[in-house]
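**Student:** sequence and computational prediction follow.
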Amino acid sequence: MPTVAIFGATGAVGREMLRVLEARDFPAGPIRLLATARSAGTEMAFRGQSVVVEDIATADLKGIDIAFLAAGGAASRELAPRLVERGAFVVDNSSAFRMDSDVPLVVPAINGRLVAYKRHRLIANPNCSTTILLMPLAPLHARFGLSKVVLSTYQAVSGAGQAGVRELERQIELHATGEPGSTEVFGLPIHLNLLPQIGPLGDDGFCQEERKIVTETHKILGDSSFTVVPTTVRVPTMRCHAESVYVETRQATDCERILAAWGGMPGLSIAGGCGMTRWPTPRELAGRDETEVGRLRAASADGHCYSFYVVGDQLLRGAALNAVEIGELLV
Ligand SMILES: NC(=O)c1ccc[n+]([C@@H]2O[C@H](COP(=O)([O-])OP(=O)(O)OC[C@H]3O[C@@H](n4cnc5c(N)ncnc54)[C@H](OP(=O)(O)O)[C@@H]3O)[C@@H](O)[C@H]2O)c1
């Protein structure tokens, strides 16, 4: 059984990875958990045993078969080559290597075949909003082709890690006192607010999160011939990203055929079934593996334009679950 290590085990994604490995009975032998010196020495539970967290800076990296990295981009850039050199397969949650041409960017239900060949020792997990978008988008791309995608996201604070969750919790606590609370993570109060920029703005006016959605969508689908125009918004929910999506398809289609295409996508459920009598919410989807799509409607009479709404747990489908599924393909 492989030795498995989680780097960044004490973070929002790392904790979920540990839980998902246990829940899915991942064929792991010994497990190693690593974080910064701040957390070294603390204990975390795995399969009824207590595992002591090691300090990444001083840990011996030998003997690791599968390394899940969730310690941020800088740590990934430093750790991934060293782990690969020592014979590990590395699944990286950061954006450090996603756009490298020799690094596969994988959502298992869409392009998991890239992992099956075991040619690559470093595999990148996509950005969380991109993965959630692609769950309903990839089947439409495969069946009907795409010419344009316009979307707005509603992204939970846990997308910015545990510090993001703590910042919103504190602002909620302080609300009645009239004090604003710290805005270190989001720059402005996020409680009772909406912030339509995630990451630095580029010269083109798009922010970093929007650029990731465009480039990663094109890379994963292996097709950059269609336009993608995202607007990414941080909202005061704790967990799950929601996305309102408008698409133009190359072939004309209808709602029945779109629902049939979605019905064949593993990990995607249709809110209220094909009658679409409900719609998904972050509260309902938090902690759940499936991504849920709803509110499908035709936006033109010619069969080319559709709108829909999708929600998924970004800590699971957008990070931990997706990474563990990649690990399952590796073993
Ligand atoms: N949150 C999401 O929804 C999400 C989704 C997809 C991808 N990601 C990516 O996943 C990674 C982890 O995100 P997160 O949300 O889990 O962040 P987080 O909650 O802030 O956790 C970060 C983890 O990394 C450790 N760490 C921080 N700085 C480090 C350093 N310089 N060297 C080594 N370890 C360090 C932390 O250890 P301590 O506890 O000791 O500080 C903690 O275990 C990031 O690359 C992020 O972009 C996040």
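**Tutor:** Yep, it's here.
**Student:** got the residues of the stretch 151-300 of the chain near the ligand?
**Tutor:** Proximity of the stretch 151-300 of the chain to the ligand is assessed by Cβ under 6 Å from any ligand atom, with Ser158, Gly159, Gly161, Gln162, Ala163 identified as the residues in range. All C-beta spots, glycine's among them, are computed from the backbone N, C-alpha and C.
**Student:** and the second one, what is it in contact with?
**Tutor:** With contact taken as Cβ atoms under 8 Å, 6 or more residues apart in numbering, Gly159 is in contact with Cys128, Ser129, Ile198, Arg234, His241, Gln314, Gly318.
**Student:** mind checking which of the residues of the stretch 151-300 of the chain next to the ligand are buried?
**Tutor:** Of all those considered here, the ones buried according to neighbour count by 16 or more other Cβ atoms under 10 Å are Ser158, Gly159, Gly161, Gln162.
**Student:** nearest to the ligand among those?
**Tutor:** Among these, Gly161 lies closest to the ligand (Cβ to the nearest ligand atom), at 2.9 Å.
**Student:** before we move on, the earlier item: among the buried ones among the residues of the stretch 151-300 of the chain next to the ligand, which are in helices?
**Tutor:** Among these, the subset assigned to helices under DSSP state H consists of Gly161, Gln162.
**Student:** what's the most distant pair in the buried ones among the residues of the stretch 151-300 of the chain next to the ligand?
**Tutor:** Taking Cβ to Cβ as the measure, those reach their widest spread between Gly159 and Gln162, a distance of 11.2 Å.
**Student:** what's the most distant pair in the contacts of Gly159?
**Tutor:** Applying Cβ to Cβ across the contacts of Gly159, the maximum distance is between Arg234 and Gly318, 14.5 Å.
**Student:** okay, the host helix or strand of Val90 in CSV with CA atoms only?
**Tutor:** With elements delineated by DSSP states H and E, Val90 resides in strand 89-92, which encompasses its position. Extracted C-alpha coordinates of strand 89-92, given in CSV (Å, rounded to 0.1, in the frame of the first residue of the first chain):
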residue,chain,number,x,y,z
PHE,A,89,3.5,11.0,-7.7
VAL,A,90,2.4,14.6,-6.9
VAL,A,91,-1.2,15.9,-7.1
ASP,A,92,-1.0,19.7,-6.7
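**Student:** identify all contacting residues around it.
**Tutor:** Residues outside strand 89-92 that contact it (Cβ under 8 Å, 6+ apart): 65-69, 76, 79-80, 83-84, 121-125, 323, 326-327, 330.
**Student:** can you tell me the strand partners of it and which way each runs?
**Tutor:** Looking at strand 89-92 with DSSP bridges, its paired strands and their directions are strand 66-69 (parallel), strand 122-124 (parallel).
**Student:** do the longest one and the ligand meet?
**Tutor:** No. When contact is scored as Cβ under 6 Å from any ligand atom, no part of strand 66-69 falls within range of the ligand; the minimum is 7.6 Å.
**Student:** can I get that strand as PDB, trimmed to CA atoms?
**Tutor:** Output for strand 66-69, consisting of C-alpha atoms alone and laid out as PDB, is shown next (Å, rounded to 0.1, in the frame of the first residue of the first chain):
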ATOM      1  CA  ILE A  66       1.700   9.900  -3.400                       C
ATOM      2  CA  ALA A  67       1.900  13.500  -2.200                       C
ATOM      3  CA  PHE A  68      -1.200  15.700  -2.200                       C
ATOM      4  CA  LEU A  69       0.000  19.400  -2.000                       C
END
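**Student:** list the contacts of the closest residue to the ligand within the chain.
**Tutor:** Per Cβ to the nearest ligand atom, the residue of the chain with the smallest distance to the ligand is Gly11, at 2.0 Å. With contacts defined as Cβ under 8 Å, 6+ apart, Gly11 is in contact with Ala35, Ala70, Ala71, Gly161, Gln162.
**Student:** I am finished for the moment; much appreciated.
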